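Asker: Any chance you can model this:
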Amino acid sequence: MDILDESPDGEILDGPAKPGSTRIILADSQAIYRVGIRKIFALEDDLRVVAQADSVENLRAAVDRYPADIVLLEGGLLAGAPNVVPELLRAAPNLKLIVQALAADEAQTVDLYRRGVRGIITRSISPDLLVRCVRRIAAGETWIDNQSVNWVIEAYRAQAASLITPRSQPRLSPKEMAIISCISQGKRNKEIAFQLGTTEQVIKNYLRKIYDKLGVSDRLELALYCLHHKILPPESEEETSAKKFAAH
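Answerer: Next up is the predicted model:
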C-alpha cells in the first residue's frame, strides 16, 4: 500500500486527525496528483489526509484499516471494476466517495451516482473548489453540476417511462408522505424524527420502505421520482430540489 511518505513498513500518516476534522483517503494511480492534493489539504485545519492508495486493492485495505469520512478517487481506477463503489460503501456505510473524472461522460456519470458516489469532479478542478467540494460532501450534501443533474433526471425519466405506469404506482401512507415532504425541505433524519415525534431509526426504516415501494435506491433517486410523478409540488428548480433530497 502506498501511504504518504516512505518508511520501513511503507505506512506513515500525516498524524492523528484533530477532533471534528474531515479524514480523507486519496486513491490515485499517479503520485504527482496525490502529492499535489495532499499539499492542498495540508493548508486546511479541518481536512486531514489519513492514507493514500495507488490501486483498488490498496484502497480496499486502506478503508478497512483507517477510519475515514471521504475517499477522493481517481476515476481511472474504476475501469473494469464496476462494483468497487458499492463494495466500499458496504464495508464503510458512512464513507462518502468523490470521483475525479478525466472528462464528463453521461453514461458513467449516471452510473456512478446510482451506485452511491456523492460527487464527480474534473482533474482540472481548482484548489479552492476542491476544498469546497470536500467540505460540502463531508457535511452531507451531494456535489452535482447542472449538466449531471439533467443527465440523471433524463436517465430516470427514461427508466420510469418504460417500467412504471400510472396503474402500477404504489400508494404512500400519510406518514410516508410526511417524511418525503420533510426530506424535500432538506431536513436530515434526526430533524425529521424530532418533528414527527419518533426516533431516527424509525425514520430510516420508513425510508427503506419508501425506497422499496418506489423502486429507488437513495434520496437523489427519490427526488427524481417525485419530480417526474409530481408527488409533491415543486418549490424550486429541479437542480435545487435534487440537491435537497440528496442531502443526508
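
Asker: Does the helix ranked longest in the chain pack against any helices or strands, and if so which?
Answerer: For the chain, the helix with the greatest residue count under DSSP state H is helix 146-163. Contacting helix 146-163 under the criterion 3 or more Cβ pairs under 8 Å, 6 or more residues apart in numbering; DSSP states H and E are the following elements: helix 106-115, helix 219-229, helix 238-246. In short, each C-beta sits where N, CA and C put it, glycine included.

Asker: Now the helix or strand that comes right after it - C-alpha only, CSV.
Answerer: Of the helices and strands lying after helix 146-163 in sequence (DSSP states H and E), the nearest is helix 174-184. This file holds the C-alpha atoms of helix 174-184, laid out as CSV (Å, rounded to 0.1, in the frame of the first residue of the first chain):
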residue,chain,number,x,y,z
PRO,A,174,-49.8,9.8,5.2
LYS,A,175,-46.7,9.2,7.3
GLU,A,176,-44.6,8.3,4.3
MET,A,177,-45.8,11.4,2.5
ALA,A,178,-44.9,13.5,5.6
ILE,A,179,-41.4,12.1,5.6
ILE,A,180,-40.9,12.7,1.9
SER,A,181,-42.2,16.3,2.4
CYS,A,182,-39.6,16.8,5.2
ILE,A,183,-36.8,15.4,3.0
SER,A,184,-37.9,17.8,0.2
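
Asker: in what helix or strand does Ser124 lie?
Answerer: Assigned by DSSP H and E, Ser124 falls within no helix or strand.

Asker: tell me the phi and psi of it?
Answerer: Its backbone dihedrals place Ser124 at phi -100, psi 10, with angles given as degrees, to the nearest 10.

Asker: pLDDT score for it?
Answerer: Ser124 is assigned 89 on the pLDDT scale.

Asker: swap in the one 10 residues further on?
Answerer: According to the predicted model, the pLDDT of Val134 comes to 96.

Asker: try Lys209
Answerer: In this model, Lys209 is scored at 90, pLDDT.

Asker: Could you identify which of the helices and strands packed on helix 146-163 has the lowest mean pLDDT?
Answerer: Note on the helices and strands packed on helix 146-163: lowest mean pLDDT is at helix 238-246, with a mean of 42.

Asker: check contacts around Thr122.
Answerer: Contacts for Thr122 (Cβ atoms under 8 Å, 6 or more residues apart in numbering) come out as Gln100, Ala101, Leu102, Ala103, Ala104.

Asker: Mind splitting the chain into its structural domains?
Answerer: The chain is divided into the following domains under automatic domain parsing: 22-143, 151-246.

Asker: Most tightly packed of these?
Answerer: domain 22-143 (a mean of 18; mean count of other Cβ atoms under 10 Å).

Asker: what bits of this protein have low per-residue confidence?
Answerer: Scanning the chain with the threshold set as pLDDT under 70 gives 1-18, 159-169, 233-248.
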